[in-house]
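Chemist: Starting from these lines, generate the structure:
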Amino acid sequence: MIRPNAYPDAVHSRRARRRKRPRRLHHPFRLLCTCLVLAAVFWALCAAKAETIPLSPLEPAEQPAEPTVPESGLPAQDPLPEDSGAVSPDDWRLLLVNRWNPIPDGYTFELTQLKQGHAMDSRAYPDLQEMMDACRAAGLDPKICSSYRTQDKQQELYENKIQRLMDEGYSYDRAVEEAGTVVAVPGTSEHQTGLALDIVDASYQHLDEAQEETQVQQWLMEHSWEYGFVLRYPNGKSEITGIIYEPWHYRYVGREAAREMRSLGMCLEEYVD
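Modeler: Purely as a prediction, here's the structure:
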């Protein structure tokens, strides 16, 4: 049996539930809106900060490291940068090797391999490549015929020279003395430092004074200093260098030293002293 007022109560209860459902649905919607607003504020702040800090054109991995500051408070400096113009007798580029100054004990360096089995001190290689490219761009054909030598190779060349002189009639003592002016005594050859090269004209590959008349040598004598190389044994300096005139033997000394040596007309012995 249904009470007279039961139906209105049921209708009232259903209406109340319908009113409550939308209210429960409002909570997730409000939470979503709040998150969107917070995200928009966060990105706005990031954009404002980015506008106030200019970006570097370099990638992060390419950017130079911050200079270290020693206890003195002064920025640390690299020893003798190439473009600084500073030259020191202790600079590896000015290593003096001759019959009176053998290669220092324990002297080491890294080699860059060139074509046809040649090699050179890796630190001088970029300037060598630039010089050879410039020479070829001038329409010439330079050719490296000798570069880095091991102790054994230098010994072999030295002994062969002594033997050839003896075959020509020289006494042993005289052959040894004469050989040392043409082929350095092992341990005193610049070729063992990786800083010296013999460069000739491909059209004339003879190591004699006529080499100076070739177009390649004319170009090298005029421009090699621009790339840090000097004609190591120039004409008229044999008493100082201990080696005969060799218009094919070039030595890397660095661009600043090469410029000054050319300007002063000095060989390496004079410049270092």
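Chemist: from here on, contacts and neighbour counts on C-alpha atoms
Modeler: Fine.
Chemist: who touches the spatially closest residue to Asp127 that is not a sequence neighbour in this structure?
Modeler: In space, and not counting its chain neighbours, Asp127 is closest to Tyr227: 5.5 Å by CA to CA, 6 or more residues apart in numbering. Taking CA atoms under 8 Å, 6 or more residues apart in numbering as the contact definition, Tyr227 lies against Asp127, Leu128, Glu130, Met131, Gly254, Arg255.
Chemist: Quick check: the last one touching Ser224?
Modeler: No - using CA atoms under 8 Å, Arg255 is not in contact with Ser224, being 9.3 Å away.
Chemist: the more surrounded of those two?
Modeler: Using other CA atoms under 10 Å as the criterion, Arg255 and Ser224 rank with Ser224 on top: 27 against 21.
Chemist: Run through the residues that contact the nearest residue to that one once chain neighbours are set aside.
Modeler: Excluding the flanking residues, the one nearest Ser224 by CA to CA, 6+ apart is Val230, at 6.2 Å. By CA under 8 Å, 6+ apart, the residues touching Val230 are Met221, Ser224, Tyr250, Arg251, Tyr252, Val253, Ala258, Arg262.
Chemist: Those residues in strands, which ones?
Modeler: Those of the contacts of Val230 mapping onto strands are Tyr250, Arg251, Tyr252, per DSSP state E.
Chemist: Which of these ranks first by neighbour count?
Modeler: Tyr252 (28 neighbours).
Chemist: For that residue, which non-adjacent residue is closest in space?
Modeler: Closest to Tyr252 by CA to CA, 6+ apart is Phe229, at 4.4 Å.
Chemist: residues contacting the one you found?
Modeler: Applying CA under 8 Å, 6+ apart, we find Phe229 in contact with Tyr250, Arg251, Tyr252, Val253, Gly254, Arg255, Ala258.
Chemist: give me the beta-bridge partners of the first one?
Modeler: As for beta bridges, Tyr250 partners with Leu197, Leu231 under DSSP bridges.
Chemist: Surely it is in contact with Trp225?
Modeler: No - in this structure, Tyr250 is not within contact of Trp225 by CA under 8 Å, at 9.9 Å.
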